[in-house]
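Student: any chance you can model this:
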Amino acid sequence: MSLLSLNDIHVSYGSVEVLHGINLHVDEGEIVTILGANGAGKSTTLLTISGLVRPGSGEIVFDGKPLLRMKSHEVVGLGIAQSPEGRRVFGPMTVLENLRLGAFCIRDKSRGENNLEWIFDLFPRLKERHNQLAGTLSGGEQQMLAIGRALMAEPRLLLLDEPSLGLAPLLVRSIFETVKEINKRGVTVLLVEQNARAALKLANRGYVLEVGNVAMEDSAESLLANAKVREAYLGG
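Tutor: Take a look at the predicted model:
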């Protein structure tokens, strides 16, 4: 049984349907990437899994439990956390305060402190700047903080939305190496990413969305070699 499965998910914004019956699954321990042009429905898919967008029909199951009637904070409590597109850190709060907000569902204080130490180990820059206001961080540091904040909830499944957006190539490489390390520590990852080549080199499998439909699903290796994918997303 898959850790996460989406079955025939339809989502509309007002009268406009943006997901037309999405089917996808993520197995425990995988890194799965979702590729597609702007407006294909990638971010909407993640927001729907998180409970921030309600589908009109279909089924989402996580570890055997249906998610559709759950509120977003209940989804987090079940073991799914999201690092959103655009980072969305709380600028007037310190790095440490942002991270501790991510642990709102962890009642055991010692577990929260252990998670904090792990995140500071993953992102030493955050430890250096733990008392700095999040709004004064660089874009790369804010991305580290957004991922770290999501990890504070101890997710079994981490949803990453465009983690490389707006970052210099060296930082992108560093962020992706960290995602690989997070996965090695037992966290399953579902990744939406505009940098298709980097995402496919990192992932086990991938889906290609086109205007709200799954146009393609395959191993990451096969998608990298696919002529249509290369032409559309990898520059030929």
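Student: what number of residues lie near Leu157?
Tutor: When neighbours are defined as other CB atoms under 10 Å, Leu157 has 22 of them. Using the backbone N, CA and C atoms, a C-beta is placed for each residue, glycine as well.
Student: pLDDT-wise, which helix or strand of the chain ranks last?
Tutor: Lowest by mean pLDDT, DSSP states H and E among the helices and strands of the chain is helix 109-122, with a mean of 82.
Student: so how far is the helix or strand just after that helix from its chain's centroid?
Tutor: Using DSSP states H and E, the helix or strand that follows helix 109-122 in sequence is helix 124-128. Relative to its chain's centre, helix 124-128 lies at 22 Å (CA atoms, centre = their mean, to the nearest Å).
Student: list the contacts of the following helix or strand past helix 124-128.
Tutor: Scanning forward in sequence from helix 124-128 by DSSP H and E, the next helix or strand is helix 139-151. Defining contact as CB atoms under 8 Å, 6 or more residues apart in numbering, one finds that helix 139-151 is touched by 81-84, 87-89, 95, 98-99, 101-102, 115, 118-119, 122-123, 125-126, 129, 134, 137, 158-160, 163, 166-168, 171, 174-175, 178-179, 182, 187.
Student: mark which of the residues you listed are buried, thanks.
Tutor: Buried by 16 or more other CB atoms under 10 Å: 81-84, 87, 89, 95, 98-99, 102, 115, 118-119, 122-123, 125-126, 129, 134, 137, 158-160, 163, 167, 171, 174-175, 178-179, 182, 187, out of the contacts of helix 139-151.
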